[in-house]
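Asks: structure of the sequence below:
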Amino acid sequence: MSSDEVKREKSPILPNYYKAEISESTGSTRGYKPQLIQKNKNLGCCIILFIIVVLVAAAIAVGVGLGVHYSTKSSTKSSTYYLQDNIKISDLMQLLTELQNTSVNGSRSVLNGYNNSAEFVITKLNETGYDFEIERQYFSVPVPVNPDPDNSSFIATASINGNSFTFEFSRLTQFDVMIYSASCDTDDCTWPLQSLLDDDDDDEYGCDITQVLTGNAVLMYFSQDKGNCSVFEKAQNAKDAGASAVIFVSDVEYRNPLITRVFDRLDNGSVLYVDIVSIAVTNATGEQLLNLLSIDADTAVTIETLATVTTAYTYNVIATTKEGKKDSAIVFGSHLDSVPAGPGINDDGSGSMANLQIAIEVAKSRLNLKNQVRFAWWGAEELGLLGSRYYVGTLEEGEKDNISLYLNFDMLGSPNFQRGVHDAESANNDLLLNASTTIQNLFVEYFNRSKITYELVPFTGGSDYRPFLDANIPAGGVQTGAGGIKSEEQWRLFGGLRNTPFDPCYHQSCDTVDNIDRGVYEQMTKAAAYTLQTLMEQDDLERYLENSSTEE
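Replies: Coordinates of the predicted model:
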């Protein structure tokens with residue numbers, strides 16, 4: 001490691017220490033001045049002071065008579081920055097600590113501590129004394145449960161040169177169970193292997209199956225580029241053709257198998273899944289299985305899983321201001337649930353508590369809200385954005401039209417952070433470009449004024465802005481990074497550790513209050529507060545958004 005690396009790269013978990021230079025004035029001015037001169041000077045000062053007082057009094061009298069308000073400019077500026085100026089990291093960390101205490105079995109997932117977290121938010125809102133209109137929006141979700149993942153197994157059996165061989169594959173490195181897979185842990189979990197990986201057949205990689213698959217385990221590509229349909233559609237097609245199991249093969253080589261949810265989300269937020277055993281394997285494992293099939297057409301596989309799907313009832317928390325125009329509402333959201341593996345304090349306790357603290361400050365400020373604000377805490381985001389999808393999916397068309405924009409805050413305190421502002425152009429929606437650019441520019445304006453580095457990051461679809469964009473509602477937000485790797489360029493922008501995840505504890509048990517970078521967390525929350533206040537105080541929000549730029 002070079003000396004430059006030693007200087008720049010600090011452990012993201014350890015506190016950052018800064019040296020403050022202290023400048024002290026030493027010494028005193030000494031000198032003898034005749035007493036007479038001093039008295040004359042005192043007399044002159046008194047005369048000048050008297051004249052100034054008379055002039056100021058006269059100016060004030062004239063101003064009152066003309067109805068002039070001399071303090072308008074300074075008070076307006078103070079009001080403009082009220083929310084951001086009142087964000088304190090001590091308040092945010094206190095909320096995060098209390099949120100962590102709502103965990104059950106170390107988690108705030110739908111089946112663990114989520115309800116505690118939601119009621120905690122509601123309690124804090126009620127404590128403000130502000131007349132929020134608070135709604136618990138209930139919905140049901142299918143929750144995949146794998147009670148004993150380590151006991152999942154995948155074995156292939158083939159005859160080679162008249163001898164029977166068994167190949168056992170390792171979970172996590174060669175195979176893994178797909179989310180929403182059906183369970184099979186009996187003696188009936190062995191099936192003949194069949195491939196739909198060949199691009200010469202008429203099955204379009206499983207998107208339009210013509211073969212009979214009755215009782216077989218079917219190899220299909222994971223990628224949607226192979227056949228141009230989703231893994232859900234491929235699994236459903238295989239089941240309809242009689243298959244008993246599907247094995248999704250990565251079409252490129254990754255270190256680990258690619259797993260995802262084998263489900264389909266409807267516009268109203270409900271979920272469909274396929275009752276079929278489904279696993280993912282690496283590209284190398286897929287090649288090995290193809291080789292076995294080429295040697296022995298009777299190759300069979302045994303797949304044992306303990307996966308089940310249970311139905312749970314959960315809810316979003318929506319706190320709406322009674323002030324402000326209802327036909328130009330701002331939705332200010334973050335997801336409140338965590339994954340089962342940990343308490344999710346960065347993902348996304350950080351966004352949720354920033355959301356809560358800003359709501360508290362709005363309540364305390366009694367600012368003039370010209371546009372209604374709906375503070376939203378989404379449930380079941382970690383199950384596929386189900387809470388936000390349910391909210392948007394159940395809005396009537398007129399209700400959608402009343403929402404001017406959506407602001408999203410997902411992971412604001414990553415220890416090896418980036419400062420990401422969502423790039424309006426990446427929404428790929430010309431109808432939303434101007435408004436989303438205006439939102440983007442507000443965050444950029446805050447960072448530029450604060451002399452803080454940032455970068456534009458794409459809307460990828462992995463957070464709660466997606467349902468709003470899909471409904472043609474402009475969106476924006478900031479983030480500090482999840483499990484992605486910090487590049488060389490990002491290291492030069494933000495410091496930290498290059499070639500290392502932004503959040504090394506992403507979706508793990510170590511995502512606790514100790515996983516938060518306090519400096520960046522406060523900065524991102526202030527940026528959110530500044531943007532919200534600017535938007536909620538606009539006389540004509542729709543017109544302002546369409547300007548696609550902010551004025552200095």
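
Asks: just the CA coordinates for stretch 220-229, please, in CSV.
Replies: Presented in CSV, the C-alpha positions along stretch 220-229 are these (Å, rounded to 0.1, in the frame of the first residue of the first chain):
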residue,chain,number,x,y,z
MET,A,220,-33.1,-22.8,-18.3
TYR,A,221,-31.1,-19.6,-18.5
PHE,A,222,-31.5,-17.1,-15.7
SER,A,223,-31.1,-14.0,-17.9
GLN,A,224,-34.1,-12.3,-19.3
ASP,A,225,-32.0,-11.6,-22.4
LYS,A,226,-32.3,-15.3,-23.2
GLY,A,227,-35.8,-15.6,-24.5
ASN,A,228,-36.9,-12.1,-23.4
CYS,A,229,-39.1,-13.2,-20.5
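
Asks: what is the mean pLDDT for it?
Replies: With pLDDT averaged residue by residue, stretch 220-229 scores 85.

Asks: what do you get for stretch 256-263?
Replies: Rounded mean pLDDT across stretch 256-263 is 90.

Asks: what is the end-to-end distance of it?
Replies: 21 Å (Cα to Cα, to the nearest Å).

Asks: now that stretch: buried residues?
Replies: Pro257, Leu258, Ile259, Thr260, Arg261, Val262, Phe263 (16 or more other Cβ atoms under 10 Å). For glycine as for every other residue, the C-beta is placed from the backbone atoms N, C-alpha and C.

Asks: would you say the first one is within a helix?
Replies: Meaning Pro257. No: under the criterion used here (DSSP: H, G, I helix; E, B strand; the rest coil), Pro257 is coil, not part of a helix.

Asks: spit out the contact partners of the most centrally placed residue in the chain.
Replies: What sits nearest the mean C-alpha location of the chain, by Cα atoms, centre = their mean, is Asp410, with 2.4 Å. By Cβ atoms under 8 Å, 6 or more residues apart in numbering, the residues touching Asp410 are Ser334, His335, Asp347, Asp348, Gly351, Ser463, Asp464, Gly477, Gln479.

Asks: could you do Ala380 as well?
Replies: Val110, Phe139, Val141, Thr314, Asp337, Leu386, Gly387 are the contacts of Ala380 under Cβ under 8 Å, 6+ apart.

Asks: what pLDDT does it get?
Replies: On the pLDDT scale, Ala380 gets 96.

Asks: equivalent analysis for Phe417, please.
Replies: For Phe417, the model assigns a pLDDT of 98.

Asks: and Phe494, how many neighbours?
Replies: 22 (other Cβ atoms under 10 Å).

Asks: correct me if wrong: it contacts Thr453.
Replies: Yes: here Phe494 reaches Thr453: they are 6.2 Å apart, a contact under Cβ atoms under 8 Å.

Asks: what sits in contact with each of these two?
Replies: Arg419.

Asks: circling back to that earlier point, just put the contacts of Asp410 in JSON lines and tack on distance to Ile134.
Replies: Formatted as JSON lines, those follow (distance: Cβ to Cβ, whole Å):
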{"residue": "Ser334", "distance to Ile134": "16"}
{"residue": "His335", "distance to Ile134": "18"}
{"residue": "Asp347", "distance to Ile134": "25"}
{"residue": "Asp348", "distance to Ile134": "20"}
{"residue": "Gly351", "distance to Ile134": "19"}
{"residue": "Ser463", "distance to Ile134": "24"}
{"residue": "Asp464", "distance to Ile134": "19"}
{"residue": "Gly477", "distance to Ile134": "23"}
{"residue": "Gln479", "distance to Ile134": "27"}
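
Asks: wait, which of the residues you listed is closest to Asp148?
Replies: Within the contacts of Asp410, the smallest distance to Asp148 is 25.1 Å, found for Asp347 (Cβ to Cβ).

Asks: sorry, back to before: relative to His507, how far out is the nearest residue to the residue nearest to the centre of the chain once chain neighbours are set aside?
Replies: Distance criterion Cβ to Cβ, 6 or more residues apart in numbering; nearest residue to Asp410, sequence neighbours excluded, is Ser463 at 4.4 Å. According to Cβ to Cβ, to the nearest Å, Ser463 stands 14 Å off from His507.

Asks: distance between the ends of stretch 103-114?
Replies: Termini of stretch 103-114 sit 7 Å apart (Cα to Cα).

Asks: ramachandran angles for Pro192?
Replies: Per-residue torsions, Pro192: phi -60, psi 150 (degrees, to the nearest 10).

Asks: okay, it and Gln211: tell me how far apart.
Replies: Distance from Pro192 to Gln211, by Cβ to Cβ: 13 Å.

Asks: which ones are touching Val317?
Replies: Residues in contact with Val317 (Cβ under 8 Å, 6+ apart) are Ala118, Val121, Ile122, Ile134, Glu135, Arg136, Gln137, Leu336, Ala376, Trp377, Gly379.

Asks: quick check on the residue lying closest to Gly420 once chain neighbours are set aside: phi, psi?
Replies: Among residues not flanking Gly420 along the chain, Val457 sits closest, at 3.6 Å (Cβ to Cβ, 6+ apart). With angles defined as degrees, to the nearest 10, Val457 sits at phi -130, psi 150.

Asks: wouldn't Val457 be in contact with Arg419 here?
Replies: No: Val457 is beyond contact range of Arg419, at 9.3 Å (criterion: Cβ under 8 Å).

Asks: and Glu552, what pLDDT?
Replies: Reported pLDDT for Glu552: 44.

Asks: reformat the contacts of Asp410 as JSON lines; add pLDDT, distance to Ala284 and secondary structure.
Replies: Formatted as JSON lines, those follow (pLDDT from 0 to 100; distance: Cβ to Cβ, whole Å; DSSP: H, G, I helix; E, B strand; the rest coil):
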{"residue": "Ser334", "pLDDT": "98", "distance to Ala284": "39", "secondary structure": "strand"}
{"residue": "His335", "pLDDT": "98", "distance to Ala284": "35", "secondary structure": "strand"}
{"residue": "Asp347", "pLDDT": "98", "distance to Ala284": "31", "secondary structure": "helix"}
{"residue": "Asp348", "pLDDT": "98", "distance to Ala284": "35", "secondary structure": "helix"}
{"residue": "Gly351", "pLDDT": "98", "distance to Ala284": "38", "secondary structure": "helix"}
{"residue": "Ser463", "pLDDT": "96", "distance to Ala284": "32", "secondary structure": "coil"}
{"residue": "Asp464", "pLDDT": "97", "distance to Ala284": "36", "secondary structure": "coil"}
{"residue": "Gly477", "pLDDT": "98", "distance to Ala284": "38", "secondary structure": "strand"}
{"residue": "Gln479", "pLDDT": "98", "distance to Ala284": "33", "secondary structure": "strand"}
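
Asks: where do the helices sit along the stretch 101-250 of the chain?
Replies: With DSSP state H, counting those that start in this stretch, the ranges of helices along the stretch 101-250 of the chain come out as 114-127, 231-240.

Asks: deepest of those, which one?
Replies: helix 231-240 (a mean of 23; mean count of other Cβ atoms under 10 Å).

Asks: which stretches of the chain have low pLDDT?
Replies: The chain contains residues with pLDDT under 70 at 1-79, 199-202, 548-552.
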